[in-house]
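J.: Here is the input, now give the coordinates:
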Amino acid sequence: MTGIEELEGLKRAESQQQVFLCLVESGEAMSSQEIAGKLQLSVNAVNIALFNLNNKGLVDRVGRGSYRYKLGPILVNLLKEYFSS
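T.: Numbers count the residues shown, from 1 in each chain. Just a heads-up that it's a prediction; the model follows:
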């Protein structure tokens, strides 16, 4: 299970936070290109964020270049509040 340390790390990594919240809000697996387009980030920045999120155990790779988050959708508002504090 994911620990508080991983979420705390996202407070200091804005691109990872944005990518993670994008996946949480979508509720579906997304490609790095889809995420980059939605967030207006470079595909490279999104790929780096996804790599780090995967290493932290916060997202799963579900296909070639496609990822989804590992936490339940009920956490969207809680995560937004947590990151804004």
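J.: tell me the contacts of the residue most central in space within the chain?
T.: The chain has F20 as the residue nearest its centroid, 1.5 Å off, counting by CA atoms, centre = their mean. Contact partners of F20, counting by CB atoms under 8 Å, 6 or more residues apart in numbering, are L10, A49, L53, L58, V59, Y69, L79. (Glycine included, C-beta is placed from N, CA and C.)
J.: Could you rerun that using 10 Å?
T.: Contacts for F20 (CB atoms under 10 Å, 6 or more residues apart in numbering) come out as 6-7, 10, 13, 35, 49-50, 52-53, 56, 58-59, 67, 69, 71, 79, 83.
J.: With K38 instead?
T.: Taking CB under 10 Å, 6+ apart, we find K38 in contact with Q18, V19, C22, E25, S26, M30, V46.
J.: Type out the PyMOL command that picks the buried ones from those residues.
T.: In PyMOL, a selection of the buried entries from the contacts of K38 looks like this (16 or more other CB atoms under 10 Å):
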select buried, resi 18+19+22+30+46
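J.: Among the contacts of K38, name the ones in strands.
T.: The strands, defined by DSSP state E, take in M30 from these.
J.: wait, which of the contacts of K38 is closest to G63?
T.: Nearest to G63 among the contacts of K38 is M30, at 10.6 Å by CB to CB.
J.: give me the beta-bridge partners of that closest one?
T.: Y67 (DSSP bridges).
J.: Am I right that it is in contact with C22?
T.: Yes. M30 lies in contact with C22 (CB atoms under 10 Å); the separation is 7.1 Å.
J.: can you list residues touching both of these two?
T.: Jointly contacting M30 and C22 under the rule CB under 10 Å, 6+ apart are A36, K38, V46, Y69.
J.: show me what contacts the first one?
T.: By CB under 10 Å, 6+ apart, the contact list for A36 reads V19, C22, M30, S42, V43, N44, A45, V46, N47, A49.
J.: burial of the fourth one, as a residue count?
T.: For S42, the neighbour count with other CB atoms under 10 Å is 12.
J.: Give me the contacts around stretch 10-17.
T.: 6-7, 9, 18-21, 39, 41-42, 45-46, 48-53, 56, 58-59, 79, 82-85.
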